[in-house]
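# Provided below for reference: sequence and predicted model.
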Amino acid sequence: MRFDSSIRLYDRAGKLIPGGVSSPVRAFSPHPFYTSKADGPFLWDADGNRFIDYCLAYGPMILVHRHPAIMQAVTDQMQRGWLYGTPSELEVQMAERVSGLYPSMEMLRFVSSGSEATMAALRVARGATGRNMIIKIEGGFHGAHDSVLIKAGSGATTLGIPDSLGVPADTARNTLQVPYNDLDALQKMLKSYPGKIACLIMEPVLGNIGPVLPEEGYLKAVRELTTEHDVLLIFDEVITGFRLALGGAQQYYGIKPDLTTLGKIIGGGLPIGVFGGRRDLISQVAPAGGIYQAGTFNGSPLSLAAGMATLDVMEKEKTLERLSDAGKEMRKGLQEIIEDLKQSYSVVGIASMFKVFFGPEPHNYSEALKCDKLGYLAFFRRMLEKGIFLTPSQYETDFISAAHSKEVIEATLEAFRSCLKD
Ligand SMILES: *Cc1c(COP(=O)(O)O)cnc(C)c1O
């Protein structure tokens, strides 16, 4: 496989764009490929190489690249204009639809990205409770803003240590961390700061280091503990929403959070985020109340049109049922390969998510970190040379779209076997 054009682009990009990429995860060694077009389950790079796409833009592209119904919906909306700066019927329709699928979201607002959604949800939690501290789960990702860009330092699980330069220590101090799947740690934390913690924000399934799955009863107990300690529970369903079920992980596991954030799939591949939850909380958002949130592109007609069309297709074609079968097939195939070749590795996933961990199945962040991530990178590179684009990190979930046919999955499994053997 030749990458001459991508290498030239990488060279030019690196002079102007940090790391040559617009978002860090897109960079990988020795150079990323620069995509020129996408169609079906495939990406083509600037050199004309074709890749089966399991990254799917890190989640949004659940149907297929260039789905005709979405193109049509966006084109129709373009005909009517694409940005108004006024309210429109589309956002009323979509709000009704989302609230119908997510009964916990009694009120909601559309923003432009998942990061904005979590930023706003945290502000609502803080504004409504008058408390500053939040708890997040170690290894949970909620976008790249100050309050959540913090992981626990080794041993220092109580007070946050910034994950990035430029995050004020005073901000980090308000972000507490607990390990996933650890109810004792959560209970201890809740008891340690009575009356000081606004909320717990969590991905119900950790999608940004894995996936890492909740143990039996964990989420239910988290709901009970947070209620008992009068701490709001935010489910960040930017990945799990419209994926585990149309009603997200909260429908799948039968849990009712106080606040929810959505993104990715609900924009049909265009930028979007949603935050919502209990009426008594979200009704405090401006202009109805004193918790401020605003955005030029909030409720973007194009994103909402694309999202509506996506939901129409998913409902009509029962996409999630089919994807759940495809996910099972993929994981079963991978499991067989691993049992033959690498018994110390593990296959983890749920619905349309999967990952091969180069180590035993992790149940939390620190276990995930023990995997052979360099080994994974070498493997990733080999798969790429065979025309298969997995996510370029041990800690990003691979996704299956409705465009991944039996033949595509079989070809992928064959490549897995041969690359793992090497
Ligand atoms: C991707 C993601 C975000 C951030 O969404 P953006 O649209 O990239 O800002 C937040 N939370 C979770 C769980 C995500 O996976």
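Nice, I can see it.

# burial of residue 357, as a residue count?
Residue 357 has 26 neighbouring residues, counting by other Cβ atoms under 10 Å. Bear in mind the C-beta positions are built from the backbone N, C-alpha and C, glycine included.

# so who does the residue sitting nearest the centre point of the chain touch?
Taking Cα atoms, centre = their mean, the centroid of the chain lies closest to residue 239, which sits 3.3 Å from it. Shown in contact with residue 239 (Cβ atoms under 8 Å, 6 or more residues apart in numbering): 59, 203, 205, 207-208, 264, 353, 397.

# same question, residue 135
Each residue near residue 135 by Cβ under 8 Å, 6+ apart is listed here: 175-178, 186, 189-190, 197, 199-201, 231.

# Can you give me the separation between it and residue 175?
8 Å (Cβ to Cβ, to the nearest Å).

# cool, residue 401 as well?
According to Cβ to Cβ, residue 401 stands 34 Å off from residue 175.

# How many residues are close by the residue of the stretch 51-200 of the chain found nearest the ligand?
The stretch 51-200 of the chain approaches the ligand most closely through residue 114 (2.2 Å), counting by Cβ to the nearest ligand atom. When neighbours are counted by other Cβ under 10 Å, residue 114 registers 30.

# what number of residues lie near the closest residue to the ligand within the stretch 201-350 of the chain?
Nearest residue of the stretch 201-350 of the chain to the ligand, counting by Cβ to the nearest ligand atom: residue 238, 3.5 Å away. Other residues lying near residue 238 total 32 when counted by other Cβ under 10 Å.

# Verify the contact between it and residue 121 for me.
No: counting by Cβ atoms under 8 Å, residue 238 does not reach residue 121; the two are 10.7 Å apart.

# which residues are in contact with both of the two?
Common neighbours of residue 238 and residue 121 (Cβ under 8 Å, 6+ apart) are residue 261.

# Which stretches in this protein count as helices?
Counting by DSSP state H, the chain has helices at residues 4-16, 68-79, 89-101, 114-129, 169-172, 183-192, 218-228, 248-253, 279-282, 301-316, 319-341, 365-369, 373-385, 406-421.

# For the fourth one, name the packing helices and strands.
Here helix 114-129 is seen to pack against strand 107-111, strand 133-137, strand 197-202, strand 232-236, strand 259-263, strand 273-277, helix 279-282 when contacts are counted using 3 or more Cβ pairs under 8 Å, 6 or more residues apart in numbering; DSSP states H and E.

# Now tabulate the helices of the chain in CSV and tack on mean pLDDT.
Formatted as CSV, the helices of the chain follow (pLDDT from 0 to 100):
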stretch, mean pLDDT
helix 4-16, 98
helix 68-79, 98
helix 89-101, 98
helix 114-129, 98
helix 169-172, 89
helix 183-192, 98
helix 218-228, 98
helix 248-253, 98
helix 279-282, 98
helix 301-316, 98
helix 319-341, 98
helix 365-369, 93
helix 373-385, 96
helix 406-421, 96
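
# Give me whichever of those helices is most buried.
A comparison of these by mean neighbour count, using mean count of other Cβ atoms under 10 Å, puts helix 114-129 on top with a mean of 24.

# what does stretch 402-413 rub up against?
Contact with stretch 402-413 is made by 40-41, 52, 54, 62-65, 317, 319, 322-323, 326, 329-330, 333-334, 337, 388, 400, as judged by Cβ under 8 Å, 6+ apart.

# Same question for stretch 387-395.
Stretch 387-395 has contacts (Cβ under 8 Å, 6+ apart) with 1, 25-26, 28, 32, 43, 49-55, 58, 208-210, 355, 357-358, 368, 371-373, 376-377, 380, 383-384, 397-398, 412, 415.

# Up against the ligand, what does the stretch 251-400 of the chain have?
Within the stretch 251-400 of the chain, the positions adjacent to the ligand are 263, 273 by Cβ under 6 Å from any ligand atom.

# residues in contact with the nearest residue to residue 46 once chain neighbours are set aside?
Distances taken as Cβ to Cβ, 6 or more residues apart in numbering put residue 5 closest to residue 46, at 3.8 Å, once the chain neighbours are dropped. Taking Cβ under 8 Å, 6+ apart, we find residue 5 in contact with 34, 45-47.

# Recalculate using a threshold of 10 Å.
Under the criterion of Cβ atoms under 10 Å, 6 or more residues apart in numbering, the neighbours of residue 5 are 33-34, 36, 45-49.

# how about those residues, which pair is most distant?
34 and 48 (11.7 Å; Cβ to Cβ).

# neighbour-wise, which of the two wins?
The residue with more neighbours, out of residue 34 and residue 48, is residue 34; 20 against 9, by other Cβ under 10 Å.

# wait, what's in contact with that one?
Counting by Cβ under 10 Å, 6+ apart, residue 34 has contacts 3, 5-10, 12-13, 20-21, 26, 45-47.

# at 8 Å instead, please
Taking Cβ under 8 Å, 6+ apart as the criterion, residue 34 is in contact with 5-6, 9-10, 13, 45-46.

# Can you pick out the most distant pair from these?
Pairwise over these, using Cβ to Cβ, the maximum falls at 13 and 45, 13.7 Å.

# hang on, the earlier thing: out of the contacts of residue 5, which end up buried?
Neighbour counting by 16 or more other Cβ atoms under 10 Å classes 33-34, 45-47, 49 among these as buried.

# now the residues you listed in CSV, with pLDDT and distance to the ligand?
CSV is the format used below for the buried ones among the contacts of residue 5 (pLDDT from 0 to 100; distance: Cβ to the nearest ligand atom, whole Å):
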residue, pLDDT, distance to the ligand
33, 98, 21
34, 98, 20
45, 98, 23
46, 98, 24
47, 98, 28
49, 98, 26
